[in-house]
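Kindly generate the corresponding structure for this input.
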Amino acid sequence: MRRAHLALAALAAFVPLAAAAGAVDAFLAFTAASRSATARFEQQVFDRSGRQVDRSSGTFAFSRPGRFRWAYDKPVRTVIVADGTRLWIHDEDLNQVTVRPMDRALSATPAALLTGDGDVTAVFTLREAGPADGLDWLDAVPKERDTGFDRVRIGMKGAVPAAMELHDSLGGRTALRFPEFRAGARVDAGTFRFTPPKGADVLDEMPAAPGPQPGGARPRKP
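Model (predicted):
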């Protein structure tokens, strides 16, 4: 679950404007034209010394606006589902589910960059970062502070994202690669529905209903 949070955590970037142009336009064209997509992902996490501390892989799908499914299948199965209203996080090893509101806190995350609706430049400042490793790179600077990340790079391969690199405020780095990225792929609506499995511990962080309620999250069994 920690790895899933790392991939979905908020991010920022700040590097000098590169002379090359094209990645920003390609990314904006992708966000404007692609209402849905599927991909596999490969993720590596590095500590501040550059040592790899985690490696994982899985699948990703989204449908605008604001619905996505991020599923780790190796080495630990964890699923994150956004259904447009709620964000579900299921740690299959612990059989524990956390459900949270999809609120403004999600607006400056990698998920928002790929799956958000509307003008991404209202939330992020995009800058060209030049070519490297066969990709055209751009940087995204969130306009909100305290996102938890110092920098992100997005690598475009033609018209689709092929890589993201997230640099956190503690000096760590998460590198994501997206093989088999299929922009415009049809995704069944059921992909973005989640029902806690029988016997799961559910930590419900949704706002309480009107009227007197006890404070804090509400653990429950489905």
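
what about the spatially most central residue of the chain, which SS state?
Closest to where the C-alpha atoms of the chain average out (Cα atoms, centre = their mean) is Ala111, at 3.1 Å. Secondary structure, DSSP: H, G, I helix; E, B strand; the rest coil: Ala111 is helix.

wait, doesn't it sit right on Trp70?
Yes: Ala111 is within contact range of Trp70, at 7.5 Å (criterion: Cβ atoms under 8 Å). C-beta coordinates here come from the backbone N, C-alpha and C atoms, glycine included.

This structure: helices as residue ranges?
Using DSSP state H, the helices found in the chain span residues 2-8, 23-33, 110-115.

any idea of the mean pLDDT for stretch 140-156?
The average pLDDT within stretch 140-156 is 80.

Sorry, slip of the keys, the one I care about is stretch 178-188.
93.

Just give me the neighbour total for the nearest residue to Val120 once chain neighbours are set aside.
Spatial nearest neighbour of Val120, excluding adjacent residues (Cβ to Cβ, 6 or more residues apart in numbering): Thr31 at 5.5 Å. Thr31 has 19 neighbouring residues, counting by other Cβ atoms under 10 Å.

same deal with Arg35?
Here the number of neighbours of Arg35 (other Cβ under 10 Å) works out to 15.

Likewise for the one 10 residues further on?
The burial metric for Val45, expressed as a neighbour count using other Cβ under 10 Å, is 21.

ok, and for stretch 173-182, which residues are buried?
By 16 or more other Cβ atoms under 10 Å, the buried positions in stretch 173-182 come out as Arg173, Thr174, Ala175, Leu176, Arg177, Phe178, Phe181, Arg182.

lowest confidence element among the helices and strands of this protein?
Between all helices and strands in the chain, the lowest mean by mean pLDDT, DSSP states H and E belongs to helix 2-8, at a mean of 43.

Report the separation between Val53 and Gly172.
Val53 sits 8 Å away from Gly172, going by Cβ to Cβ, to the nearest Å.

Neighbour count: those two, which is higher?
Shown here are Val53 and Gly172; by other Cβ under 10 Å, Gly172 has more neighbours (18 against 10).

which residues of the chain fall in strands?
Assigned by DSSP state E, the chain shows strands spanning 36-46, 52-63, 67-74, 78-83, 86-91, 96-101, 124-132, 135-142, 149-157, 160-168, 173-177, 182-183, 201-204, 218-220.

Comparing those, which comes out most buried?
strand 135-142 (a mean of 23; mean count of other Cβ atoms under 10 Å).

My read is that Glu42 contacts Leu176, right?
Yes: counting by Cβ under 8 Å, Leu176 is a contact partner of Glu42 at 7.2 Å.
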